[in-house]
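Sequence plus the predicted model coming up.
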Amino acid sequence: MRTPLIAGNFKMFKTAAETVTYVKDLRGLITASKVFGVDVVIAPPFTSLSAAVDAAAGSVIGVAAQNLHWEREGAFTGEVSAAMVHATGARLVIIGHSERRTLFGDTNETVNKKTHAAITGGLVPIVCVGETLDQRDRNETMAVLDKQIKESLDRVTGEQLSRIVIAYEPVWAIGTGRNATPAQAGEAHFHIRQRLKQWFGLDASEKCRVLYGGSVKPDNIAKLIAEPDVDGALVGGASLDPKSFFAIITGAAAK
Ligand code: 13P
């Protein structure tokens, strides 16, 4: 079975010092409660990665970056490579978040390059996909997901897919307080799982974790994660407070 994964995407929040305080608080909550059976990841800004890794050492908390560039090094002002992220001690990276797709020009093609760079660089990619409200209203959700997954994971092998994480984040649910209903999430996740089976084989499709993201909160995680193909959550706003993030982790432990 797939171990549930709860990942916190800090977006552009928290300095290194604030991240360290956060990790100490979260560690304390996890240790005191003995929650087990859930993988926990935080994705702070690049400037906090090393400090987060140090603060999380010896705990169950993994650390992810929020983006990377596909080249190893070069004249790419403002960019950070997989090797640089890996050297901080972070072992995962979020790729193709909808904010990067809409605000910073990420496309399925660049997401694919970044995914391969992450794998080559020893990082677990958390590849984000999801439809806009217009696309959902036009009944294009599954077609949009198919195209995003097919193109973003082009040339990825089944063996590689089994270690990749996919995050289904409907754009209309991000930061809006309007989460997908468990039925909507369950339907999209089931569809994604079928496609993964078709394109990468049964074994890989059963190992690949598919997270739901979009207004996940302590009071809705239990119903979302009860859906058979929902393997965890990528949490934005509610991950910024260690207590609410911990409540979401606890909610996922029921799975
Ligand atoms: P919210 O949880 O704030 O809606 O953000 C979701 C998200 O974008 C996680 O990557």
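That came through fine.

check contacts around the residue of the chain found nearest the ligand.
Proximity of the chain to the ligand (Cβ to the nearest ligand atom) peaks at residue 236, 2.2 Å away. (Glycine included, C-beta is placed from N, CA and C.) Residue 236 is in contact with 8, 9, 11, 174, 175, 213, 216, counting by Cβ atoms under 8 Å, 6 or more residues apart in numbering.

Among those, show me the least confident.
Of all the contacts of residue 236, residue 175 carries the smallest pLDDT score, 89.

what number of residues lie near that residue?
Neighbourhood size, residue 175 [other Cβ atoms under 10 Å]: 12.

Hmm, residue 213 and it touching each other?
No: applying Cβ atoms under 8 Å as the test, residue 175 and residue 213 come out as separate, 10.4 Å apart.

Could you check how far stretch 244-255 is from the centre of its chain?
Mean-position distance between stretch 244-255 and its chain equals 16 Å (Cα atoms, centre = their mean, to the nearest Å).

which residues touch it?
Counting by Cβ under 8 Å, 6+ apart, 4, 6, 8, 26, 29-30, 33, 35-38, 40, 216-218, 221-222, 225-226, 232-233, 235, 238-239 sit against stretch 244-255.

tell me how far whatever helix or strand residue 191 lives in is from the chain's mean position?
Using DSSP states H and E, residue 191 falls within helix 182-200. Put simply, helix 182-200 sits 16 Å off its chain's centre (Cα atoms, centre = their mean).

Is it in proximity to the ligand?
No: for helix 182-200 and the ligand, the contact criterion (Cβ under 6 Å from any ligand atom) is not met; the two come no nearer than 12.8 Å.

In this structure, mark out all the strands, start to finish.
Assignment of strands within the chain using DSSP state E yields the ranges 5-9, 39-43, 61-65, 92-95, 124-129, 165-168, 209-213, 232-235.
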